[in-house]
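In: Got a predicted model here, sequence first, then my questions.
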Amino acid sequence: MSMNIVTREGKSYEDMWEPGCFAGAILAAGTVENSVIALHAPSGCSIWGTHYRADPITTGIYTPILSTGIHEPEVIHGGTKKLGETVRDVIKRNKWLHPKVCWIFTADATSMVGDDIDAVAREVEGETGVDVIALDTPAFSGGYNLGANLVYAALIDRFADKDVKKDNSINIIGPVLSGSRNWSQDFLEIRDLLEAADVKINTVLTYRTNVEDLKDFAKAKANYYLTSESLPNVEQISDKLGMETFGKDLILPFGITNTEEWYLKIAEKFGDVEKAKKRLREDMHFLKTKLNQDYNATWHFHDMFGKRGALLGRAPFVSSLARCLFYDYNARPVVLGILAETQQAIDSAKASLDEMSENLDFDVLINPSYFEFGLAMEKAKVHFSVGQSVDRWLSEGMDISNTPLGGLYFQSHFNFVPWPYAGVRGMLNLMTEFSYLMDRVKIEPGYLKAQSYLRAFLDREKKEA
Amino acid sequence: MALEGYKWLKLSEALDEMPEISAYGEWEKLSPHNRGLWCAWHYGASFIQDIEDAIVISHAPLQCQSSRNKFFASLGGDRAPFSLAHTPCTNVGNQEVILGGEEKLEEAILQVDKDYKPGLIGVVAGCATSMNMDDIPGIVERLRPQVNAKLYWVRLPGFASTWSSEMGDNFLPKMVRELMEKPDKIIKDAVNIVGSRFHDFAQDSPDMPVARRRFPKKWGSNQQTLARTIEALGLKLHRVIIGGNYDYFKTAPQAAVNTMTCSDWGWPIAETMEEEFGTPWLPEGRAIGVEASSSWIMDLAKFMKIEDKGQKLIKEEYSKIKDVWEKAKKMASGKIALVEGSRSSGYQALRPLAVARFAQDLGMKPYMFNIHPANMKAKERVCRHFISKGCDPPFLLGPYPYQKTLRDELILEDIGASPEDCVYFTHDLFVNASAPEFDASTCATFPIGGRPHRRVVGIARDDGFEAAGVMAQEVIEAIKAIRGSKTCLRPTLYSRVMGKKQFDFQINAGCFRS
């Protein structure tokens, strides 16, 4: 049995789904309470920015964005003046929100022009009393994890007191970076589980974060990361504050096996293992009452047995889901496309998946192009794929049934039921998603139409007419 | 006046009052900041990908294609025949911005030619690579002998996203000039439809490993409606542009005339084809309703000198929808048509105008609002065409800063109308509604653009007589759906979510009492 790692060395192009740095900054800032965003960018980036902002809205916060919408004149003569007007305007127009923070983010063109965003920030801050934080976030500087990293680091830098007494609590970093499209519900479940095991949560970057609460950020013993990506600025500043980094190698709690491993390890370090076990038993009891004698559930479980799947998505999510499919479902996740911005995330995914290689042969493609991933699915003769909504075209174009569980929540995600994928209870949601998927796995496209008596009847009528 | 800084003018007068579209400083004063334009890269890359054996290489960071692909992935099956997943990208980073990304681009072109074996490779540069001035034309020239595909390039930075430059004057004309071929013959009864996207009539590209094939649709599209119309006049459909494979696209100038489906896209294509190849063209586009559809047919019939056939066809087509059309006219006549623009500027000029013309055709009085003036001015020639056809409705001219829209209750107050006097032609996102005052239960509401306008099953909506019949039926149903205030209002969930009162007992305390 083996895990076959396929890298992209020597390949000249990429086409993976990777929103840029400013998108990540919007995702992270979008769930900071009482904040507004001035996006210093052309109109096109502004449209994408507001689309990405739809994702943190799932946390119950609306963060207004105004864009400078720069054109050629600002690229040639500079857009500092226009930025100043926009920053003032976004604060003024949203007084109802009582803004405490105004973010300035740049895109490629404005970053290259080198407008003095810091000067604008200082000026408007002096005029309004609102904290104005300017970050250079062009897409060419990196992906969305990098953008979130910059926002988190800026929040710590700006609002955290440096000299506070430590306790045994933790800060949670990066709920939006877990790679699950259902991350906001997952976070609530994770928080609930941690609290049940007496793990004390100090602050969260970011989930409905109130900047005043960040004052005590450094009180926590450790930062627990919900992503395995390196967040260099956050890690550096936290090191200086004497805070431990935790969780980069800890599997995310999707599925039963992963949840147990995740929960007991984290409870052992920061909480009460016995309480964690009690909660696991309670949640399993809840599951059993729902599923134990349910004909449909037993059908579903066996439906998944032995079916070969391909997974494409962010490293921490895919590695966790692959283990869930193999250990919890006895399915065969044989093609895994790991999307990662940093080597740390790749290494962590490999480590998480390594155990599975004792019992299953599978390929791990690191940042594959769609071309390569499509060929790998074909070669492995997979029956289904789990990806991000943007991947649907690739899989279904190849007659491979697909369900999008990963990526970010915006555009054509219609999961309105507030229930997590994470934790033991989250299995009910995953089971629902997978059961729709299995339905499609078993029915050949076009079969129902071909078998329709009424369709044949109507066609005959039409022909005769 | 409730709408401070805004005023109603006839569209023709509003256009006169607006600055020239190139007068950037004037627009900044009239209408500050972001005007809600889409990205030039987004459209340019997508147009090239409408050619089915084309592969676009994005010379930009991954952000550009990731966002675009996500957007189109959400639009649904029949609207995006190009294989979204495959947009090879040089993923320009800090190093390429500073030191240049030419080497990376060269390697990508050679690799794509090998992997995909496309008929056409289109290199599209975004903001960063347009600013660092990578020598894209030099690379393309140098590599031409080494690659099998036709090589094409274009710089489309987002900051050049204005209607006048990105589509009208730059991108589409460049595509026509560089990718279409001078015809060796003109087929005298051959007619093109230009301004279309998401083709139905393309040829297959069997040699391409990742082949994108024509999908034989069971149900109609606007293209099929117009094609049937052309054939019913005894003429031959030649090409639907943009669409088909590269060979199909490049031979479009063999047609005797260009007709139009969407004037926004079609007008610059047709104008350039006339300049380059002498292809005549007919300006009628987005022909919604009986009057507009008749005009589309007669323009073509007159050009081909077959007016009798045109008249006969109109008579036949109208007879099929006469009952529903006249019923709709009876119910809608005298009402105010609230015609709203969209957050998507792609629809801003033409579609609302075509809807206003349709409403007028049904005897309504259209008012156009929440449409950024810059979008109308940039498409002034299209607007003037509609005006020449008698469609010159009141247009709400104002600053619309940051593309922000105005609430409908303000509009109604301003024109002195109540919801039940109106038919509200909405667009797709964040449509105004607020229970109990303004909702589909109090004002006939008909989404006419974007995603909600589309259906896989049934007759295509928009162009032609059949579509006019379907849309007339929807007007009838929308008017019938008004509950009024005499009984329980039963507002839609949407307006309850958006509004101040959520339940009938809050609106009308006696509603459920016997």
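Out: Looks like it arrived, so ask away. Numbers count the residues shown, from 1 in each chain, chains lettered A, B, ... in the order given.

In: going forward, measure contacts and count neighbours with C-alpha atoms only.
Out: OK.

In: Point to the helix or strand of chain A where mean pLDDT is at its lowest.
Out: helix A:447-451 (a mean of 81; mean pLDDT, DSSP states H and E).

In: Whether the following helix or strand past that one contacts chain B - can you check?
Out: Next in sequence after helix A:447-451, counting helices and strands by DSSP states H and E, comes helix A:453-464. No. Helix A:453-464 does not reach chain B (CA under 8 Å from any CA of the partner chain); its nearest approach is 12.0 Å.

In: Report the distance from helix A:453-464 to the chain centre.
Out: Centroid separation for helix A:453-464 versus its chain: 48 Å, with CA atoms, centre = their mean, to the nearest Å.

In: Which residues does that helix contact?
Out: Here helix A:453-464 makes contact (CA atoms under 8 Å, 6 or more residues apart in numbering or on different chains) with A:K449.

In: who are the neighbours of the longest strand seen in chain B, in terms of helices and strands?
Out: The single longest strand within chain B, with elements called by DSSP state E, is strand B:187-194. Applying 3 or more CA pairs under 8 Å, 6 or more residues apart in numbering or on different chains; DSSP states H and E, one finds that strand B:187-194 makes contact with helix B:222-232, strand B:236-241, strand B:255-260, helix B:263-277.

In: any weak-confidence spans in the stretch 301-450 of chain A?
Out: Where the stretch 301-450 of chain A drops to pLDDT under 70, the residues are A:412.

In: sec struct for B:F395, please.
Out: Using DSSP: H, G, I helix; E, B strand; the rest coil, the structure places B:F395 in strand.

In: how far away is it from B:A417?
Out: 16 Å (CA to CA, to the nearest Å).

In: More neighbours: which of these two?
Out: Just comparing B:F395 and B:A417: by other CA atoms under 10 Å in any protein chain shown the higher neighbour count belongs to B:F395, 24 against 14.

In: That one contacts B:L9, doesn't it?
Out: Yes. The pair B:F395 / B:L9 is scored as a contact, 5.4 Å apart, by CA atoms under 8 Å.

In: Enumerate every residue touching the residue nearest the centre of chain A.
Out: In chain A, the centroid-proximal residue (CA atoms, centre = their mean) is A:G179; its distance is 3.0 Å. Counting by CA under 8 Å, 6+ apart, A:G179 touches A:G313, A:R314, A:A315, A:P316, A:F317, A:V318, A:G406, A:G407, A:L408.

In: Now go through those residues and say which are in strands.
Out: Under the assignment DSSP E, these contribute A:G313, A:R314, A:G406 to strands.

In: element containing the closest residue in space to B:N148 that isn't next to it in sequence?
Out: Computed as CA to CA, 6 or more residues apart in numbering or on different chains, the closest residue to B:N148 that is not its neighbour in sequence is B:D113, at 6.8 Å. Assigned by DSSP H and E, B:D113 falls within helix B:102-116.

In: Test my guess that A:V199 contacts A:K275.
Out: No. Counting by CA under 8 Å, A:V199 stays clear of A:K275, with 10.1 Å between them.

In: Mind splitting chain B into its structural domains?
Out: Structural domains annotated on chain B: B:7-25+B:320-506, B:40-177, B:183-303, as defined by automatic domain parsing.

In: Am I right that A:N330 is in a helix?
Out: No. Under the criterion used here (three-state DSSP), A:N330 is coil, not part of a helix.

In: State the distance from the residue in the stretch 151-300 of chain A that chain B sits nearest to to B:T405.
Out: Residue nearest to chain B within the stretch 151-300 of chain A (CA to the nearest CA): A:R181, separated by 13.4 Å. Applying CA to CA, the value for A:R181 to B:T405 is 30 Å.

In: doesn't A:G309 fall inside a helix?
Out: No. A:G309: not assigned to a helix; according to three-state DSSP it is strand.

In: quick one on the thing from earlier: run through the residues that contact the residue nearest to B:N148.
Out: Per CA under 8 Å, 6+ apart, neighbours of B:D113: B:I121, B:V147, B:N148, B:A149.

In: So which of the residues you listed sit within strands?
Out: Reading strands off the contacts of B:D113 with DSSP E, I get B:I121.

In: Now tabulate the contacts of B:D113 in CSV and tack on pLDDT.
Out: CSV is the format used below for the contacts of B:D113 (pLDDT from 0 to 100):
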residue, pLDDT
B:I121, 96
B:V147, 97
B:N148, 95
B:A149, 95
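
In: which one of the contacts of B:D113 sits closest to B:C89?
Out: Nearest to B:C89 among those: B:I121, at 12.3 Å, using CA to CA.

In: As a check, name the ranges of all helices in the stretch 251-400 of chain B.
Out: Counting by DSSP state H, counting those that start in this stretch, one finds helices in the stretch 251-400 of chain B at the ranges B:263-277, B:290-303, B:307-332, B:350-361, B:373-378, B:380-388.

In: Please tabulate the ones you listed in CSV, including the columns mean pLDDT and distance to B:G220.
Out: Shown next, in CSV, are the helices of the stretch 251-400 of chain B (pLDDT from 0 to 100; distance: least, CA to CA, whole Å):
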stretch, mean pLDDT, distance to B:G220
helix B:263-277, 93, 20
helix B:290-303, 98, 17
helix B:307-332, 98, 16
helix B:350-361, 95, 19
helix B:373-378, 86, 30
helix B:380-388, 94, 26
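
In: winner for burial among those helices?
Out: Comparing these by mean neighbour count (mean count of other CA atoms under 10 Å in any protein chain shown), helix B:350-361 ranks first with a mean of 26.

In: now it against helix B:307-332, angle please.
Out: Per axes from the mean of the first three to the mean of the last three CA atoms, to 10 degrees, the angle that helix B:350-361 makes with helix B:307-332 is 80 degrees.

In: What is helix B:350-361 packed up against?
Out: Looks like helix B:350-361 contacts helix B:290-303, strand B:336-340, strand B:365-369, helix B:380-388 (3+ CA pairs under 8 Å, 6+ apart).

In: What residues does the residue of the stretch 151-300 of chain A closest to chain B make contact with?
Out: Neighbours of A:R181 in contact, by CA under 8 Å, 6+ apart: A:Q388, A:L405, A:G406, A:G407, A:L408, A:Y409.

In: Can you report how many residues neighbour the second one?
Out: A count of neighbours around A:L405, defined by other CA under 10 Å, yields 27.

In: Name the SS class of A:N223, please.
Out: strand.

In: Show me the beta-bridge partners of it.
Out: Beta-bridge pairing of A:N223 under DSSP bridges involves A:N171, A:T245.

In: quick one: B:A54 and B:A40, what's the gap?
Out: B:A54 sits 18 Å away from B:A40, going by CA to CA.

In: picking that back up, can I get the helices of the stretch 251-400 of chain B in JSON lines with distance to B:V497?
Out: Formatted as JSON lines, those follow (distance: least, CA to CA, whole Å):
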{"stretch": "helix B:263-277", "distance to B:V497": "35"}
{"stretch": "helix B:290-303", "distance to B:V497": "37"}
{"stretch": "helix B:307-332", "distance to B:V497": "28"}
{"stretch": "helix B:350-361", "distance to B:V497": "27"}
{"stretch": "helix B:373-378", "distance to B:V497": "30"}
{"stretch": "helix B:380-388", "distance to B:V497": "36"}
